[in-house]
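In: coords please:
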Amino acid sequence: MPDEENEQIQEETKEKPKKPILQWAITGVVVMICASAGFFLARSLKGAVAPATVAASQEDADTEPDDLLPDDGKTWFHDLEPVVANLNDPGVMRYVSAALTLEMSAAAAQGKTVKLFEEKMPILTNWLTIYLASLSLEDIRGDKNLKRIQAQILDAFNQELFPNEKPKIKHILFKGFAIQ
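Out: Below you'll find the predicted structure:
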C-alpha cells in the first residue's frame, strides 16, 4: 500500500510542473525596464513646452480667442533680438534664451516707434537679461509662469518706452523660448 501512495504522489507532482524561478526573474526585470523607460520618458517630456502651450500662454485663460487677433489689421509687430541669460539655479549651469515679438497697437506710429525702439534697445535688452537671470527653473516652467513672465515684460517695456502715455504694446509674444 505505501508503494501505491508514493506512486500516486509522484504522478501528482509530474502533472503540476513548477515554473522555474528564472522565468519569474526575467519577467520582473522586463517589467522594471519598461516602467523605468516610461518614467524617464515622462520626465524628459515634462519640461518640454509644446508649440500649442506657447500659443496658449500668450493670453490669460479667461481671454477669448478673438482677442488674440489684431484689431482691424491696424496692429503691427516688432521682433526683438534674442536674449540669453543664465538662470538663478545654484550649483547648476542652466540658461534661457528668449526671442520676443511685440504686438503694437494702432496708436503707435510705426516709423516713430521703431526709431524709439532703436534708441531704447540697450535699456530693454539690459532689463530683460537681468530679469531672466533672476528667475529659477521652477519660475519659468509651466503655462501660468510663462503668462506671468509675459505680463511682467509687457508692463516693464510699456513703462520704459511710454512712461506717461497709454500703453502701446498690446502683447508680448514668444517667438522662441528655450531652456538648457
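In: Which helix or strand lies directly C-terminal to the helix or strand of the chain with the lowest mean pLDDT?
Out: Taking mean pLDDT, DSSP states H and E as the measure, the chain has helix 51-56 as its least confident helix or strand, at a mean of 41. Toward the C-terminus, helix 51-56 is succeeded by strand 76-79 as the next helix or strand (DSSP states H and E).
In: Who are the packing partners of that next one?
Out: Other elements packing on strand 76-79 under the criterion 3 or more Cβ pairs under 8 Å, 6 or more residues apart in numbering; DSSP states H and E are strand 95-104, helix 110-133. From N, CA and C alone the C-beta is placed, and that goes for glycine too.
In: List the buried residues for the helix or strand where residue 151 lies?
Out: According to DSSP H and E, residue 151 maps onto helix 143-161. Using 16 or more other Cβ atoms under 10 Å as the test for burial, helix 143-161 gives 146, 147, 149, 150, 153, 154, 157, 158, 161.
In: Just the CA coordinates for that helix, please, in PDB.
Out: The C-alpha trace of helix 143-161 is given here as PDB (Å, rounded to 0.1, in the frame of the first residue of the first chain):
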ATOM      1  CA  ASP A 143       1.900  77.800 -18.700                       C
ATOM      2  CA  LYS A 144       1.000  80.000 -15.700                       C
ATOM      3  CA  ASN A 145       4.600  81.000 -15.200                       C
ATOM      4  CA  LEU A 146       5.000  81.900 -18.900                       C
ATOM      5  CA  LYS A 147       1.900  84.100 -18.800                       C
ATOM      6  CA  ARG A 148       3.200  85.800 -15.600                       C
ATOM      7  CA  ILE A 149       6.600  86.400 -17.400                       C
ATOM      8  CA  GLN A 150       4.800  87.900 -20.400                       C
ATOM      9  CA  ALA A 151       2.800  90.200 -18.200                       C
ATOM     10  CA  GLN A 152       5.800  91.400 -16.300                       C
ATOM     11  CA  ILE A 153       7.800  92.100 -19.500                       C
ATOM     12  CA  LEU A 154       4.800  93.900 -21.000                       C
ATOM     13  CA  ASP A 155       4.400  96.200 -18.000                       C
ATOM     14  CA  ALA A 156       8.200  96.900 -17.800                       C
ATOM     15  CA  PHE A 157       8.500  97.600 -21.600                       C
ATOM     16  CA  ASN A 158       5.400  99.900 -21.700                       C
ATOM     17  CA  GLN A 159       6.700 101.800 -18.600                       C
ATOM     18  CA  GLU A 160      10.200 102.200 -20.200                       C
ATOM     19  CA  LEU A 161       9.000 103.200 -23.700                       C
END
